[in-house]
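Novice: need a 3D model of the sequence below.
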Amino acid sequence: MQADYDPTASMTEAQRLAWFEAQAEAAYDQMYDATSSTQAAARYGDAKEAMRDAIGLARRLGQGAVADRLEARLAHVKAVFRSQFS
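Specialist: From the prediction side, this is the model:
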């Protein structure tokens, strides 16, 4: 795989938004499968990054309600990580 490969390059904006959210949720799920605190922290970082990308895209697309929902979800992910993994 090339370093500059963008898996979202051929997606519509709506598809890209869904992809970022799915990536965030997958990383969140993987936090629970981590075998070390380092792995859990890495998946947490992945989840936050993807969720922030989704939030930013939703805002740029004028989808304030979606961005608000994603921000609430990100707050939940942060709370879970802090209470269970740190």
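Novice: shaky segments in this protein?
Specialist: 1-3 (pLDDT under 70).
Novice: let's see 80
Specialist: Within the chain, the segments meeting pLDDT under 80 span 1-5, 86.
Novice: which of the residues in the longest helix seen in the chain are buried?
Specialist: Assignment by DSSP state H gives helix 37-60 as the longest helix of the chain. Under the neighbour-count criterion of 16 or more other C-beta atoms under 10 Å, helix 37-60 has 40, 43-44, 46-48, 50-51, 53-55, 57-58 buried. Using the backbone N, CA and C atoms, a C-beta is placed for each residue, glycine as well.
Novice: what about the residue nearest to Tyr44 when sequence neighbours are not counted, how many neighbours?
Specialist: Excluding the flanking residues, the one nearest Tyr44 by C-beta to C-beta, 6 or more residues apart in numbering is Phe81, at 4.7 Å. The tally of other residues near Phe81 (other C-beta atoms under 10 Å) stands at 19.
Novice: over to Tyr32?
Specialist: Tyr32: 11 neighbours (other C-beta under 10 Å).
Novice: check Glu21 too.
Specialist: 21.
Novice: show me the contacts for the residue nearest to Tyr44.
Specialist: Residues counted as contacts of Phe81 (C-beta atoms under 8 Å, 6 or more residues apart in numbering) are 31, 40, 44.
Novice: could those be laid out in TSV, adding distance to Leu70?
Specialist: Shown next, in TSV, are the contacts of Phe81 (distance: C-beta to C-beta, whole Å):
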residue	distance to Leu70
Met31	17
Ala40	21
Tyr44	16
